[in-house]
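[1] Sequence first, predicted model second:
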Amino acid sequence: MRSITLSALLATFLWSAPIGGVAVLVKNTPITLYEVQQEMKQSGTSANQSADTLIRKKLEQLEATEKKIIVSSAEINEELERMAAQNKLTMEQFLNAMQTVRGLSEKDLKAKVEESIKGQKLYSSIAFSKMGQPTAEEETEYYQLHIDEFSRPESFEVTTYVSPSQEALVAKIADPMRHIESIESKDETIPFGKINPQLAQLLNKTANGSFSPILPNGKNGFMSFYMRDKLNVVTENIDAVRPQIANAIVGEKRNQVLNDYFTRLRLSADIKVLRLP
């Protein structure tokens, strides 16, 4: 009788006051309204799209737990060291670059690396056959379709906008002719080889005549670059970037396998959308 009473009390607790903060239940595991709001803010997507993203992440977490997949601190640190070396940076420089360009603290970065490694392990646990290396024809096709990824300028001609307010920069990007007091700007030439690789990659993906994403400037403020021109653009030879192409193709195939798997899993999972922001 005591256990029945305790169960009833627990049920009352779970389904009373806390429900106001719960947006979605995935196999009885909650996703909160706050989490949905944060995802909306960070990704710039709608409530429904953000909820879909979080449902997928929750399914991955639950599946990883069920399969007893864990990631050690040593694995996370090893991957961070590999990423820093790949970008030819010391660990301190790499962490500073991620903070400046992506707005990621060391804690946030480690969480994302852990999620990535866990995803790789999860893929290995659900893949039914070993994925072969891409063929030369696949690499050539990828290279031709993504030629911009393998082209880089000698320097970037930009107008840099800086403000203590992220909202002010959002307003400026929406209406470039508008004058906003809290925003400072200056025209400058940024050499490709003199900036950290993360920022160089971001600027290279910013089309002429458009703004880069808004970034933390490392001084308690924010910045965005308006791309005026890219000077002396050169394209790397396919043979020099084959390892990079192969990794990208394998990554795409891996993501497709995972997407198919979790699409099927979601169809059979107990998911209740209670309310969204």
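    All right, it came through fine.
[2] Name the spans of this structure whose pLDDT lies under the cut-off.
    For the chain, residues meeting the criterion pLDDT under 70 lie at 1-20, 128-131.
[3] 50 instead, please
    Low-confidence segments of the chain, defined by pLDDT under 50: 1-19.
[4] Spatially central residue in it, please.
    Geometric centre of the chain, nearest residue: residue 112, 8.1 Å, by C-alpha atoms, centre = their mean.
[5] which residues does the residue nearest to residue 103 when sequence neighbours are not counted bridge with?
    Spatial nearest neighbour of residue 103, excluding adjacent residues (C-beta to C-beta, 6 or more residues apart in numbering): residue 216 at 4.5 Å. Backbone N, C-alpha and C define where each C-beta goes, glycine included. Applying DSSP bridges to residue 216 gives these bridge partners: residue 222.
[6] Tell me which helix or strand comes right after the longest helix seen in the chain.
    For the chain, the longest helix by residue count, based on DSSP state H, is helix 242-268. Using DSSP states H and E, the helix or strand that follows helix 242-268 in sequence is strand 271-273.
[7] Give me the sheet partners of that next one and which way each runs.
    Applying DSSP bridges, one finds strand 271-273 paired with strand 22-26 (antiparallel).
[8] So which bits of whichever strand or helix holds residue 101 are buried?
    Residue 101 is located in helix 91-102, with elements delineated by DSSP H and E. Buried residues in helix 91-102, counted by 16 or more other C-beta atoms under 10 Å: 94, 95, 97, 98, 99, 100, 101, 102.
[9] ok, now stretch 62-72?
    Buried residues in stretch 62-72, counted by 16+ other C-beta under 10 Å: 63, 64, 69, 71.
[10] Can you name the residues in contact with the helix holding residue 101?
    Helix 91-102 is touched from outside by 80-81, 83-84, 87, 89, 104-106, 109, 196-199, 202, 215-218, with contacts defined as C-beta atoms under 8 Å, 6 or more residues apart in numbering.
[11] of the residues you listed, buried ones?
    Among those, those scoring as buried are 80, 83-84, 87, 89, 104, 109, 196-199, 202, 215-216 (criterion: 16+ other C-beta under 10 Å).
[12] now, which of the residues you listed lie within helices?
    Short answer: these in helices (DSSP H) are 80, 83, 84, 109, 197, 198, 199, 202.
[13] got those as a markdown table, with distance to residue 29 columns?
    Shown next, in a markdown table, are these (distance: C-beta to C-beta, whole Å):
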| residue | distance to residue 29 |
| --- | --- |
| 80 | 29 |
| 83 | 31 |
| 84 | 35 |
| 109 | 25 |
| 197 | 38 |
| 198 | 34 |
| 199 | 38 |
| 202 | 35 |
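[14] ok, of these, which one's closest to residue 30?
    residue 109 (25.8 Å; C-beta to C-beta).
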